[in-house]
Structure formats: C-alpha cells, structure tokens
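K.L.:
Mind folding the following:
(chains A and B)
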Amino acid sequence: MEILSCKNLKKQVNHKVIVDNLSFSINKGDVVGFIGPNGAGKTTTIKLILGLIKLTEGKVYINGYDIEREYLKAIEKVGAIVETPDSYLYLSGYDNLKIIANNYKNIKKDRIDEVVKIVGLENRIKDEVSTYSLGMRQRLGIAEAIINRPELLILDEPTNGLDIEGIIEIRELIQQLSHQGIAILISSHNLTEIDHLCNRIIAIKKGKLVTDDSIENFKKATHEIAYLLELDRTNQLKQILVEEKYEIIDQTKLRIYVTKEKISSILEKLLENHYQIYSVQQEKLTSEQAFIQKVGENKIE
Amino acid sequence: MIKLIQNEFIKILKRRNIYILICFIILIMLGYNFYGKYTNTNELNIHEQYKKAYHQDQLYLETYDSLDTKEKYTDILERVKLEKYAIDHNISSNLFVNTENKNVLLPLDARIAFMRVFNNFDMLIIIFVLYITSTIISEEYSKGTIKTLLVKPHKKSSILLAKMLTCFFMTVLIFLFVLIFQYIIGGLLFGFESYSLEALRYNHLSDQIDHMPLINYMGIMFVAKMPLYVVISLISLLLGVMTNNIAINILISFATYSLFTTDLWVNSIAEKWPISNLDLSQHLFGGMAQASAEAISLLVIMLSAIIMVLLILVIHLFNQKEVMN
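P.N.:
Numbering: from 1, shown residues only, chains lettered A, B, ... in the order given. Prediction:
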C-alpha cells in the first residue's frame, strides 16, 4: 500500500533549482534511507513533502491526499523530525508532549505515558528539556513524532551529533518502530546507519534522483568492485586517475572503484608514474562505498 | 482552537521572563502607591487647597498667551473647571485624573489612584504586551519549533488565529491584573471608602462635569484603550512574521506606540489633525479638545480600517512564509 508518493517535485529559489523533477514513492512497511551529499536537497525535499515550503512544480500525496489541497487529511498520520528535534527548551519533556498531544483528537495521557516508555525517558520526562543531552532530545523528538501513531515517519538526520551510545539507542528505537509496520523515511549522512536500518535507498544529487532501489540492488547495481591500494604516496593522483572514482584514505592508502578488467591498466598507469605499489586488496562494497562510487564524494554542492 | 490557545498559554505561562515582568510591574505600582501614601499630608485643608489652586490656575489661564509654558491650555482649563466644581460642591477629594497643579498639594486617595491606572501604568502594560506579541511568532521561527507546530493537522490560519487570540486574552488579563492589584493596594493603603464616590471628568465638548459610577468609568476607559493595544499588537505580530529579531520588533512597535500617543503629536500635528492620536481613551470627554464628535467617529472608523489592513497583512504573510531554517 502506497503511503507517500512524490511526483516530479521541483523547488526553485530565485534561479537556483534545489530539487529537480524528483519522483519516488514509499509503501507501508518500507524503511527508506534518503541519502545524498550535503546540499543535495534532502532537507528541502522533506520540507516539500511536509508542506513546510511551497512546491514550484509537482505533487505530493500522503495516503492518497494531496499535500497542497488536502493538507489536514494528508498530514494527520505523519510524524516528523526535520533537521533537529525542536522542542521548547524551557518546558519539561512532558509539557512538550502534552502540547503535541493537544494538536490531535483523542490523544490521552495514557498515550503520552506510552511513548515516554517507548523512548525510555520515564525518569527525566518531568525535567526541563534544556537539561537534556542531545540524545535525550532526539528521543523526545521521536516521542513527539510517534505520539499520533503515524503511518509515515520522516526522520531527518536522527543520529546527527549523537555519541556512539546514543546512535545505538536511536537505531534500536527505529528498528522497533519499523517492526510495527510504519513507513519510515530516514535522511542521513551516516551510511552505515542506513545499511543497518533500511531496506531501500533513495539517493539524490543536485536535487535529482540518482538511485531508488533496495540496499542489495544498490550495492549490486554496479559491476565495479572496490580495491584498496597501498602505495608509497597518494599525492598528485588527480593527473593520473582522471576518469576513475576513488577516495584517498590516508597518505599511503587509496580506495578505487573499478571493474576487475580495468584494475591492471590502472596499476600500470601508477607504475609508469613511478608510484610504488605495496599491496592490492579487493573489497566488498559497503553501501557507503557504493554511495561514493555512485554519487561522488560528500562535497557541498 | 481551544486546545491551540491552551498550548499557547502553556508556552507563555511557563516562561520565567513573564514572571520577572509581572514582578517589575508590581514593584513599580507599589512604589507609586507607597510614594503617594508617604507624601500625603493628613492635616491638609482640601477646600483651601482647591481655592488656592483655582485662583492660581484662573490667572494662569487668563495670561496663557503671554506665558512661555509647555503645559497645554486644555489641561489648565480642565483643572479650572474641576476646581470650580469642587469648590461649588464642597468636594473634599482629589478630582485630578489627567492633570495636576504642581503648586498645590491634593492628597492621593484610592479612587483617584485607581482612575489614574490608565495614565500611570500604560507603559508597563504595553511592554508586557509587546514581550508576548514580539516573541509568540518570531521565536517559533528562530528556534525552529514552528516546524513541529506546522506539521500538525491544523490550518496555518488557525495556528495564527490561536496566537492572536492568546495575545488578546493576555492583554486583557494583564489589564485586569493591574486594575485589581491597584484596587487592592490602593484600598489597603488609602482606605476602600473612596471607591464609593463617583468618577468625575470634565467634558471639553459639553463644557460640563460628567459623573458616573467608578466601575462604569473604568470599563469605558478599558474598552477605549483596547483598539490601540490591538493595533500595536498587530504591528508587533506583523514584524514577528517579517523578522525573527525580537529587539527590532519591540523597538519599532514601541516607537509606533509612542508616536501615536505622545503629547508631541497632540501639541503640533494633532492640532490640525486630531485623529493622529490613536489612543481613543485620550479622546473621551473631549480630552483632545480640538477634536469634534465627528472626529472621534472618524477615528473609530480609521482604527477599524487599520486593524483590518494589519490583520489581512499578518494572515497573508504568515500563510506565505516558508520555513527555511
């Protein structure tokens, strides 16, 4: 069952096109990783989906309702954290949840207590949010987003700024929610996280769709493999590896994304340019590496 | 809508700054009342004071054109009429609400202190109101909480209306608080008995002393003050939609308030165009002596038009505003 459908989304500010003819859909039970380099248009797309900014062109349907024409029906079963979980810092966590609950019909105290338990904030919920750690604020943000029992949950960078412990906690929480059949769209820079949580990936670059596929297909989509090369140096490679996609790991290590047929010619090129090759190791692509190979490095565009 | 307003009240009433402002208002009001009590002289012969004041002010009025004074002619006229009325009717309480003769000492009592609330604590109320109106929208945008608010099944206009109504209710509440507090503190310090006296005001249009029960007078003044407060609140809300800078918002709104209520206007431009003073309470009883009854009707129409235009602007800009940060 299709929960979210985005058709030919376009957002143009002045003359700059931020989102360009972007189409995708999300079905019930999907946990979708929404990825792209910084400035690719991920947050803008999320804001377009939620009606926080106006579409230049295109249509967004949530549960079949047009976000522009039938906003109230469309947004009723949506929970979202956009960019950062923005709670009222001077209020307690409980007051924040009470304010959110007041926006919906028939959300009683029991439901507030239930979401507090889900996110594990029972002991601190009466404290002012300003005293919360970043992880606790994220958890409160998720509690706010799920209080209305959403069918679509949109989380923009849910683990941003968290320590490892916090990341694991939020990850477990999202996994728990995904088991309840909620469609989840997670925008993230952390591709390991996407690897762990999602069954689908939507990648965008410069506001355009690059990939919309299952994680497995995303990794398989290319016939190329990653090779880890240990060299005497990794400087001045730009002039030699002009067409190849690669990433420099440190002063002596280089990861290069090429097919096995091409690797010998690359090694030859390096030798011709007096590079010493100490080792060549074939690697299985993680989604992060597949992303770099597909979308390019994480540069602001 | 009720739940949206309830939310806005939770957000406002849980702010520490609100209570700091209320404490500040209480302190100023206590200071004014205790100062009045401290400087009151019990042995004062009020009838003699009125006679002395009457002779001084009458002379003052007659030679007004030759004097180099900043005091308004209408203020002196108002005093002379009230002094004459007090002498003729053997009144032994202070009748001066808008103006005082600095050369004579008339004691402050609870009734007159109560009637002066609108003159004395106007600024405090407007500061309180502006704190709310300047933050209620712009802080949601600057702190990002607007995203949480907008991604809920409410029309944008309902969210805005809830905020506007909350501002209005808060204005009424702070007004009532100031009135009740003054009533109690004035009564405790000066005695409650003077509240049973009627409110007297000289009416410049009819050239008569109007008298009415105190509660009616306070009600009329309260209602007459509200349009200006609504205008200033809407200007502040408009600025809140246009900019997230709270300091600029308060500064411009306060400047606008001062510009349209100050004596500067009354003395210069308002002489030719009395409706430039948007404070309806100042026009009551012919307070703006230059203004005719028609001018007051025109002012009411103008205030209504300004409120409508501001409302349309705020709603339009709020609906158009995108959440960029």
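K.L.:
where does the stretch 51-200 of chain B dip in pLDDT?
P.N.:
The stretch 51-200 of chain B contains residues with pLDDT under 70 at B:68-71, B:101, B:103.
K.L.:
90 - rerun?
P.N.:
By pLDDT under 90, the low-scoring segments of the stretch 51-200 of chain B are B:51-113, B:115-124, B:126, B:134-135, B:137-158, B:187, B:189-200.
K.L.:
Longest helix in chain A, please.
P.N.:
In chain A, with assignment by DSSP state H, the single longest helix is helix A:164-178.
K.L.:
I'd like to know which elements that helix is packed against.
P.N.:
Applying 3 or more C-beta pairs under 8 Å, 6 or more residues apart in numbering or on different chains; DSSP states H and E, one finds that helix A:164-178 contacts helix A:134-146, strand A:183-187, helix A:191-197. Glycine gets a C-beta too; all of them are placed from N, C-alpha and C.
K.L.:
Of the ones you listed, flag the one that's most buried.
P.N.:
strand A:183-187 (a mean of 25; mean count of other C-beta atoms under 10 Å in any protein chain shown).
K.L.:
hmm, who's touching that one?
P.N.:
Applying C-beta atoms under 8 Å, 6 or more residues apart in numbering or on different chains, the external contacts of strand A:183-187 come out as A:3-4, A:26-35, A:42-43, A:46, A:49, A:151-158, A:174, A:177-178, A:193-194, A:197-198.
K.L.:
What are the buried residues along the longest helix of chain A?
P.N.:
Within helix A:164-178, the residues that qualify as buried are A:Gly166, A:Ile167, A:Glu169, A:Ile170, A:Arg171, A:Leu173, A:Ile174, A:Leu177, A:Ser178, counting by 16 or more other C-beta atoms under 10 Å in any protein chain shown.
K.L.:
where along the stretch 201-325 of chain B do the strands fall?
P.N.:
Using DSSP state E, counting those that start in this stretch, the strands of the stretch 201-325 of chain B run over B:208-212.
K.L.:
Low-confidence stretches in it?
P.N.:
For the stretch 201-325 of chain B (pLDDT under 90), the answer is B:201-218, B:220-229, B:231-232, B:239-306, B:317-325.
K.L.:
the helices in it, which residues?
P.N.:
Using DSSP state H, counting those that start in this stretch, the helices found in the stretch 201-325 of chain B span residues B:214-242, B:246-259, B:263-267, B:269-272, B:280-283, B:293-320.
K.L.:
Kindly export the second one (C-alpha atoms) in PDB.
P.N.:
It refers to helix B:246-259. What follows is helix B:246-259 as a C-alpha-only set of coordinates in PDB (Å, rounded to 0.1, in the frame of the first residue of the first chain):
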ATOM      1  CA  ILE B 246      12.800  40.400  18.700                       C
ATOM      2  CA  ALA B 247      14.700  43.500  19.700                       C
ATOM      3  CA  ILE B 248      13.900  45.300  16.400                       C
ATOM      4  CA  ASN B 249      10.300  44.100  16.800                       C
ATOM      5  CA  ILE B 250       9.900  45.600  20.300                       C
ATOM      6  CA  LEU B 251      11.800  48.800  19.300                       C
ATOM      7  CA  ILE B 252       9.700  49.500  16.200                       C
ATOM      8  CA  SER B 253       6.400  48.600  17.900                       C
ATOM      9  CA  PHE B 254       7.200  50.700  20.900                       C
ATOM     10  CA  ALA B 255       8.200  53.600  18.800                       C
ATOM     11  CA  THR B 256       5.000  53.300  16.800                       C
ATOM     12  CA  TYR B 257       3.000  53.300  20.100                       C
ATOM     13  CA  SER B 258       4.900  56.400  21.400                       C
ATOM     14  CA  LEU B 259       4.500  58.200  18.100                       C
END
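K.L.:
for it, which positions count as buried?
P.N.:
Using 16+ other C-beta under 10 Å as the test for burial, helix B:246-259 gives B:Ile246, B:Asn249, B:Ile250, B:Ile252, B:Ser253, B:Phe254, B:Thr256, B:Tyr257.
K.L.:
Leaving aside the residues adjacent along the chain, what's closest to the fourth one?
P.N.:
Nearest non-adjacent residue to B:Ile252, counting by C-beta to C-beta, 6 or more residues apart in numbering or on different chains: B:Leu239, 5.9 Å away.
K.L.:
can you list contacts of the longest helix of chain A?
P.N.:
Contacts for helix A:164-178 (C-beta under 8 Å, 6+ apart): A:29, A:31, A:118-120, A:133-135, A:138-139, A:142, A:146, A:153, A:155, A:158-159, A:162, A:184, A:186, A:190, A:193, A:196-197.
K.L.:
Can you name the residues in contact with stretch B:11-31?
P.N.:
By C-beta under 8 Å, 6+ apart, the surrounding residues in contact with stretch B:11-31 are A:88, A:90-91, A:95, A:99, B:121, B:124-125, B:127-128, B:131-132, B:136, B:166, B:170, B:174, B:177-178, B:181-182, B:185.
K.L.:
now do 10 Å
P.N.:
A:88, A:90-92, A:95-96, A:99, A:128, B:113, B:117, B:120-121, B:123-125, B:127-128, B:131-132, B:135-136, B:139-140, B:145, B:163, B:166-167, B:169-170, B:174, B:177-178, B:181-182, B:185-186, B:189 (C-beta atoms under 10 Å, 6 or more residues apart in numbering or on different chains).
K.L.:
tell me the centre residue of chain A?
P.N.:
Centroid-nearest residue in chain A, with C-alpha atoms, centre = their mean: A:Ser187, separated by 2.2 Å.
K.L.:
Quickly list what A:Met231 is bridged to.
P.N.:
Residue A:231: Leu, not Met. For A:Leu231, the beta-bridge partners are A:Ile277 (DSSP bridges).
K.L.:
got a list of what it touches?
P.N.:
A:Leu231 is in contact with A:Leu237, A:Gln251, A:Thr252, A:Lys253, A:Leu254, A:Leu270, A:Tyr275, A:Gln276, A:Ile277, A:Tyr278, A:Ser279, A:Val280, counting by C-beta under 10 Å, 6+ apart.
K.L.:
out of these, which are inside strands?
P.N.:
A:Lys253, A:Leu254, A:Ile277, A:Tyr278, A:Ser279, A:Val280 (DSSP state E).
K.L.:
Could you verify my assumption that the fourth one touches A:Leu254?
P.N.:
It refers to A:Tyr278. No. Judged on C-beta atoms under 10 Å, A:Tyr278 makes no contact with A:Leu254 at a distance of 11.3 Å.
K.L.:
what about those two, which has more around it?
P.N.:
Just comparing A:Tyr278 and A:Leu254: by other C-beta atoms under 10 Å in any protein chain shown the higher neighbour count belongs to A:Leu254, 22 against 10.
K.L.:
Nearest spatial neighbour of that one, chain-adjacent residues omitted?
P.N.:
In space, and not counting its chain neighbours, A:Leu254 is closest to A:Leu229: 4.6 Å by C-beta to C-beta, 6+ apart.
K.L.:
Run the angle between whichever strand or helix holds B:Leu179 and helix B:214-242 for me.
P.N.:
Secondary structure assignment for B:Leu179, by DSSP states H and E: helix B:156-190. Calculated by axes from the mean of the first three to the mean of the last three C-alpha atoms, to 10 degrees, helix B:156-190 forms an angle of 140 degrees with helix B:214-242.
K.L.:
thinking again about what came up before, now restrict the contacts of strand A:183-187 to buried residues only.
P.N.:
Buried members of the contacts of strand A:183-187, scored by 16+ other C-beta under 10 Å, are A:3-4, A:26, A:30-35, A:42-43, A:46, A:49, A:151-158, A:174, A:177-178, A:193-194, A:197-198.
K.L.:
Among these, which ones are in strands?
P.N.:
Residues from the buried ones among the contacts of strand A:183-187 lying in strands, with DSSP E as the criterion: A:3-4, A:26, A:31-35, A:152-156.
K.L.:
just to revisit the earlier point, okay, the buried residues of helix B:246-259 in JSON lines with distance to B:His47 next?
P.N.:
Shown next, in JSON lines, are the buried residues of helix B:246-259 (distance: C-beta to C-beta, whole Å):
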{"residue": "B:Ile246", "distance to B:His47": "53"}
{"residue": "B:Asn249", "distance to B:His47": "51"}
{"residue": "B:Ile250", "distance to B:His47": "47"}
{"residue": "B:Ile252", "distance to B:His47": "49"}
{"residue": "B:Ser253", "distance to B:His47": "46"}
{"residue": "B:Phe254", "distance to B:His47": "43"}
{"residue": "B:Thr256", "distance to B:His47": "45"}
{"residue": "B:Tyr257", "distance to B:His47": "40"}
